[in-house]
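Chemist: Have a look; sequence and predicted model below, questions after that.
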Amino acid sequence: MRVEDDPVDLFVIGGGINGCGIARDAAGRGLKVALAEMSDLASATSSASTKLFHGGLRYLEYFEINLVRHALAEREILLRAMPHISWPMRFVLPYHADMRFEGDTPTSRILNTLMPWMKGRRPAWLIRLGLALYDNLGGRKILPPTRTLDLRSAPEGAPLDPKFEKAYEYSDCWVEDSRLVVLNARDAAARGAEIMVRTKLVSASSVDDLWEVVLEDAETGDRVTRRARMLINAGGPWVGDIIHGKVRINSSEGVRLVRGSHIVTRRLYEHDKCYFFQGTDGRIIFAIPYETDFTLIGTTDAEHDKPDEKPVCTPEEQAYLIRFINQYLKQDIGPQDVVWTYSGVRPLYDDGASSATAATRDYTLKVDSTGGAPILNIFGGKITTYRKLAEDAMEKIVPYFPGTSGHWTAEVPLPGGDFPVDGFDALVSEVQLEHGFLTPFWARRLVRAYGTEARDVLGDAKDKSDMGEDFGASLHAREVLWLIENEYARCAEDIVWRRNKLGLRLSAEQIARLDDYVRKQVAPNGARAAE
C-alpha cells in the first residue's frame, strides 16, 4: 500500500454539499485540503432534494427562528453567486378554512390551548402573520413580497379544485442541487484542493497528532494512506458509520436518517409558479415546474434504517403523494402519470424529536479531539444554508490553524455565475447569436447548466456537426468530454442524472450508448484516456 507522507491540513470525507462547501471555503483561505467521495459528487442526499433554496416556512411552526432567518438571508447571497443554477420562484399557498396544523408543533399546542374551538385548523390571520414574518426576517431585497390571489379569476386557480378561492403568493428560490455541489468542488479545486471521486474511506486513525487515512480506489482496488492534521466528517447519511466504524471514536452524538421521496409527472399546469399544499395530516408538499415539461411533487418524511440501504420511493409513498395532491387538483392524477421517482436520506441530528417531520433541520457541528488529532463531525444541514454551515465549520477549524484568513465566499460567484441576477435571458440570446445552430431549448439548457462557461463547452463550434456524436436531447460528444475533463464525470449516470436531468428525455438505449462512450474515454485514475 502506497503511503503519502506530506500531510494536508484538512481531509474531508464526503462529496456532498457540506463537504464540497467546506473544501471550497477552506481552500480559499489558504489551507491545504483533500476531499474523498466514495461514489460520484452529490450521488446521495445532495442530488435528491426538493431543489429549493427556501427559508423553510413550515419551520416557523416549530419556532426554529434562527434556522429560518439564516436560510432567508442566504437566498439572496446565493442568487447573486449562481444566477445560472438558481433563480427566484413564486409560491402559491391556497387557503381553505379546513386547513390544519401538524398536531405536535409548538404552535399547534399553543393554539389548541388558547383556541380549542379551532380544533387544529389554521386561521387565515395566522398564515398571513407567518408570511409577513417570512417576508421580513431575512432582510429581503431582490425578491418581491407576499400578495393575496383571488383563485376564482387568477390563472393560478385554473388547475385547482374550485373550493379553493383564495391563496397567498410569496417568494422563495429554485436551485439545481447536484450542480451546486459540482461547482463548489470545481471552485475548491481551482483554489488548490484535491478532489477524489470513487475513493472510499477504509479507516482513519490518529497517530502522533496526525490522522492516517486509508483510502481505496473503488474501481481499481488500489489503496493509499494519506495524512492530515484534521479530519472533516461530512459523510451525510454515513456520518455515524464513519464515527463508530471507520474512525472508531467513542461519541454519544447520534444521527437520525429520514427519507424524503418525490415523484415527477407530466406537466400539470401552464404557469411557472410552485404550489405549497397543506394536508389534512398537517404535512406539506410542493408541486414545482420541472425541466420545462414536467412537474415535481414532494416530499415525504419517513424513518430510514440504514445508510447503505438504497432509498427508493416506495409504492406507499407514491400513493400518498398522489392522494395528497389530488385533494387540490381539479383533475386527479394517477400512477400512470408518474414518469420518474427519486428518494434521498436526510442525515438529521438526533434531537429526540417524536417524529421524522418534527426532527430539527438545523445543522450541528461537533469537534472531537479525545483520540488525539481533531475531527469535525457534521450533522444535518440544508442546501440553502450550506455556505453558512461552511463558515460556521471554519469557525471550529481555524483555532487549529492560526493565521487563517477570514470569511470570503459571500461575494464570490461560483464557476459560470459571473453575470447579473437578471441577466440570464440576455446571456442565452448572446450564446445563441454566437452559435447559430443552437435551438432555443439547447441554448437555455447550456446556460442553465454552465452560465458563462457555456461558451467554453461550445468552444469553436460553428455547426452542429462540430459538437461531435449526438446522444439525443441536445447532448453531444463535445459537452460529454468537457464534463469528463472538468466535472469529474465517469459514467452516463453521472451525466444524465446529476450534471443534468436529460435522463428524463433519453431512452435506455441512448443512455447505454452514452455510458459505453464515456467509459472508453475515462482512464482508471479518472483522467481522459489516451487518444
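Modeler: The structure has been received and is ready for your questions.
Chemist: for Trp482, helix, strand, or coil?
Modeler: Here Trp482 takes the helix state, with states given by DSSP: H, G, I helix; E, B strand; the rest coil.
Chemist: quick one: it and Arg455 touch, right?
Modeler: No: between Trp482 and Arg455 there is no contact, the gap being 11.3 Å when judged by C-beta atoms under 8 Å. The way it works is simple: take the backbone N, C-alpha and C, and place the C-beta from them, glycine included.
Chemist: how about low-confidence regions in the stretch 101-250 of the chain?
Modeler: When residues are selected by pLDDT under 70, those of the stretch 101-250 of the chain lie in 101-104, 117-120.
Chemist: What's the separation between the residue nearest to Val175 when sequence neighbours are not counted and Lys330?
Modeler: Setting aside the residues directly before and after it, Val175 is nearest to Ser86 in space (C-beta to C-beta, 6 or more residues apart in numbering), at 4.3 Å. Shown here: Ser86 relative to Lys330, a distance of 31 Å by C-beta to C-beta, to the nearest Å.
Chemist: Which one's more surrounded, the two?
Modeler: When neighbours are counted by other C-beta atoms under 10 Å, Ser86 comes out ahead of the other of Ser86 and Lys330, with 26 against 14.
Chemist: What distance do you get for that one to Ile17?
Modeler: Where Ile17 is concerned, Ser86 sits at a distance of 13 Å (C-beta to C-beta).
Chemist: Name the residues contacting each of the two.
Modeler: Counting by C-beta atoms under 8 Å, 6 or more residues apart in numbering, the common neighbours of Ser86 and Ile17 are Leu180.
Chemist: in the stretch 201-350 of the chain, which spans are helices?
Modeler: All helices of the stretch 201-350 of the chain, identified by DSSP state H, counting those that start in this stretch, fall at 239-241, 315-326.
Chemist: With respect to those, which exhibits the lowest mean confidence?
Modeler: Set side by side, these show their lowest mean pLDDT on helix 239-241, which sits at a mean of 93.
Chemist: And the strands in the stretch 151-300 of the chain?
Modeler: All strands of the stretch 151-300 of the chain, identified by DSSP state E, counting those that start in this stretch, fall at 166-175, 194-196, 199-207, 210-217, 223-233, 255-266, 274-278, 284-290, 294-298.
Chemist: Just send the ones you listed back as CSV, with distance to Phe53 too.
Modeler: Supplementary listing: the strands of the stretch 151-300 of the chain in CSV, determined by distance: least, C-beta to C-beta, whole Å:
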stretch, distance to Phe53
strand 166-175, 4
strand 194-196, 24
strand 199-207, 29
strand 210-217, 33
strand 223-233, 24
strand 255-266, 16
strand 274-278, 12
strand 284-290, 12
strand 294-298, 15
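Chemist: mind checking the longest helix of this protein?
Modeler: In the chain, assigned by DSSP state H, the helix with the most residues is helix 65-81.
Chemist: Could you name the helices and strands sitting against whichever helix or strand comes after that one?
Modeler: Secondary structure here is assigned by DSSP states H and E; on that basis, the next helix or strand after helix 65-81 toward the C-terminus is strand 86-95. Helices and strands in packing contact with strand 86-95 are listed as helix 65-81, helix 124-136, strand 166-175, strand 274-278; criterion 3 or more C-beta pairs under 8 Å, 6 or more residues apart in numbering; DSSP states H and E.
Chemist: closest one to Pro440 among those?
Modeler: Between Pro440 and the helices and strands packed on strand 86-95, the shortest gap by C-beta to C-beta is with strand 166-175, which sits at 19.7 Å.
Chemist: tilt between that closest one and strand 294-298?
Modeler: Taking axes from the mean of the first three to the mean of the last three C-alpha atoms, to 10 degrees, strand 166-175 and strand 294-298 form an angle of 100 degrees between their directions.
Chemist: Now do strand 166-175 and helix 124-136, the angle between them.
Modeler: Going by the same axes, to 10 degrees, strand 166-175 makes 30 degrees with helix 124-136.
Chemist: Can you list phi and psi of the nearest residue to Trp408 once chain neighbours are set aside for me?
Modeler: Of all residues not flanking Trp408 in the chain, Gly28 sits nearest, at 5.4 Å (C-beta to C-beta, 6+ apart). Summarising the backbone geometry of Gly28 under the convention degrees, to the nearest 10, its torsions are phi -70, psi -20.
Chemist: Which stretches in the stretch 351-500 of the chain count as helices?
Modeler: Along the stretch 351-500 of the chain, the stretches classed as helices by DSSP H, counting those that start in this stretch are 386-397, 424-434, 440-450, 454-458, 477-486, 492-493.
Chemist: any chance of those helices in a markdown table, plus mean neighbour count, distance to Arg140 and mean pLDDT?
Modeler: Compiled in a markdown table, the helices of the stretch 351-500 of the chain are given as follows (neighbours: other C-beta atoms under 10 Å; distance: least, C-beta to C-beta, whole Å; pLDDT from 0 to 100):
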| stretch | mean neighbour count | distance to Arg140 | mean pLDDT |
| --- | --- | --- | --- |
| helix 386-397 | 22 | 17 | 97 |
| helix 424-434 | 16 | 20 | 98 |
| helix 440-450 | 21 | 24 | 98 |
| helix 454-458 | 20 | 30 | 98 |
| helix 477-486 | 19 | 35 | 98 |
| helix 492-493 | 21 | 38 | 98 |
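Chemist: Tabulate those in JSON lines, adding columns for distance to Phe91.
Modeler: Conversion of the helices of the stretch 351-500 of the chain to JSON lines gives the following (distance: least, C-beta to C-beta, whole Å):
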{"stretch": "helix 386-397", "distance to Phe91": "21"}
{"stretch": "helix 424-434", "distance to Phe91": "20"}
{"stretch": "helix 440-450", "distance to Phe91": "20"}
{"stretch": "helix 454-458", "distance to Phe91": "29"}
{"stretch": "helix 477-486", "distance to Phe91": "32"}
{"stretch": "helix 492-493", "distance to Phe91": "31"}
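Chemist: Nearest to Lys520, out of those helices?
Modeler: Proximity to Lys520 (C-beta to C-beta) singles out helix 477-486 among the helices of the stretch 351-500 of the chain, at 10.6 Å.
Chemist: same for the closest one, what does it pack against?
Modeler: Packing contacts for helix 477-486, counted by 3+ C-beta pairs under 8 Å, 6+ apart, involve helix 454-458, helix 508-521.
Chemist: Export the shortest one to CSV, keeping only CA atoms.
Modeler: The one in question is helix 454-458. Presented in CSV, the C-alpha positions along helix 454-458 are these (Å, rounded to 0.1, in the frame of the first residue of the first chain):
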residue,chain,number,x,y,z
ALA,A,454,-21.4,27.6,-21.8
ARG,A,455,-19.0,29.3,-24.2
ASP,A,456,-16.2,27.0,-23.0
VAL,A,457,-18.4,24.0,-23.6
LEU,A,458,-19.2,25.0,-27.1
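Chemist: and it, how far from the chain's centre?
Modeler: 24 Å (C-alpha atoms, centre = their mean, to the nearest Å).
Chemist: Not counting its own residues, what contacts that helix?
Modeler: With contacts defined as C-beta under 8 Å, 6+ apart, helix 454-458 is touched by 416, 427, 431, 434-435, 443, 446-447, 450, 467, 478-479, 482.
Chemist: now these as JSON lines including distance to Gln278?
Modeler: As requested, these are exported to JSON lines (distance: C-beta to C-beta, whole Å):
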{"residue": "Gly416", "distance to Gln278": "37"}
{"residue": "Leu427", "distance to Gln278": "37"}
{"residue": "Val431", "distance to Gln278": "41"}
{"residue": "Glu434", "distance to Gln278": "46"}
{"residue": "His435", "distance to Gln278": "45"}
{"residue": "Ala443", "distance to Gln278": "38"}
{"residue": "Leu446", "distance to Gln278": "37"}
{"residue": "Val447", "distance to Gln278": "35"}
{"residue": "Tyr450", "distance to Gln278": "37"}
{"residue": "Met467", "distance to Gln278": "46"}
{"residue": "Arg478", "distance to Gln278": "46"}
{"residue": "Glu479", "distance to Gln278": "41"}
{"residue": "Trp482", "distance to Gln278": "43"}
